[in-house]
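> for reference, the sequence and a predicted model appear below.
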Amino acid sequence: VYIPDLRGQSCGTVSSRPGHELKLDTNSQLGWAVVPLFDGPFAWIGVHHSPLFQGNPNGGFLAAVVSGPPQGAIESGLRDKTLKPLKSFGSVTVEVWDGHYLDDERHDLPIVDSLLPMDNKKKFAKTQARKAGKALSQLVLQSLDAKTRKQGVGSAEYRREEHFYEEAMGDTFYALMETALMNAGYGPL
């Protein structure tokens, strides 16, 4: 839950629902995915689609991903039934682009969907086409007071709060991810 700063001059806070602790662990996980970020020494630019899996990745899968292409590890895990895709055919989409270029200098990004299982690509595409959930603007608006909500998404107050919302959510995600990695025995981000 995002709670705006009462003065409207800085980021608000992100907290859990009342009675719940805000943490990232196996109990709070809805799924996990693998997304390759590099192709050799270069950023693997593109709009990457990767299937979401249930449970936790096992050691064999993690070793296979570290030592070779993730596509082979996913195919092997699906074949051996050690990987279980979400029943909803959910996937994650991650946009990767080379930070050496400014927004107006970069080319259109290629679609990279090679990690989606070939026999179910249509089912994943169908799930991706269903746009469930709220738009960012609705999430930000619902956190604001009635007066500011009435002004709508075009107001300076809304744009400022949208920036604060994105920053607070990004900072919270980073902190949760780093804590989860440290608790799992990995180094900091």
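That came through fine. Numbering: from 1, shown residues only.
> looking at this structure, which helix is longest?
In the chain, taking DSSP state H as the definition, the longest helix is helix 156-183.
> mean confidence score for that one?
Confidence for helix 156-183, expressed as mean pLDDT, is 90.
> what helices or strands is it leaning on?
The contact analysis (3 or more Cβ pairs under 8 Å, 6 or more residues apart in numbering; DSSP states H and E) places helix 156-183 against strand 2-3, strand 13-14, helix 136-143, helix 146-151. For glycine as for every other residue, the C-beta is placed from the backbone atoms N, C-alpha and C.
> for Lys121, which of those is the nearest?
For Lys121, the closest of these is helix 136-143, at 27.7 Å, according to Cβ to Cβ.
> so what does the closest one touch, helix or strand wise?
Judged by 3+ Cβ pairs under 8 Å, 6+ apart, helix 136-143 is in contact with strand 2-3, helix 156-183.
> JSON lines for these, including mean neighbour count and distance to Ala33?
Shown next, in JSON lines, are the helices and strands packed on helix 136-143 (neighbours: other Cβ atoms under 10 Å; distance: least, Cβ to Cβ, whole Å):
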{"stretch": "strand 2-3", "mean neighbour count": "15", "distance to Ala33": "24"}
{"stretch": "helix 156-183", "mean neighbour count": "15", "distance to Ala33": "14"}
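> just list the residues touching the closest residue to Glu157 other than its chain neighbours, thanks.
Nearest non-adjacent residue to Glu157, counting by Cβ to Cβ, 6 or more residues apart in numbering: Thr148, 5.1 Å away. By Cβ atoms under 8 Å, 6 or more residues apart in numbering, the contact list for Thr148 reads 155, 157-158, 161.
> what is the nearest of those to Gly40?
Checking the contacts of Thr148 against Gly40 by Cβ to Cβ gives Glu161 as the nearest, at 41.4 Å.
> who's in contact with the closest one?
Each residue near Glu161 by Cβ under 8 Å, 6+ apart is listed here: 4, 8, 12, 140, 143-144, 148.
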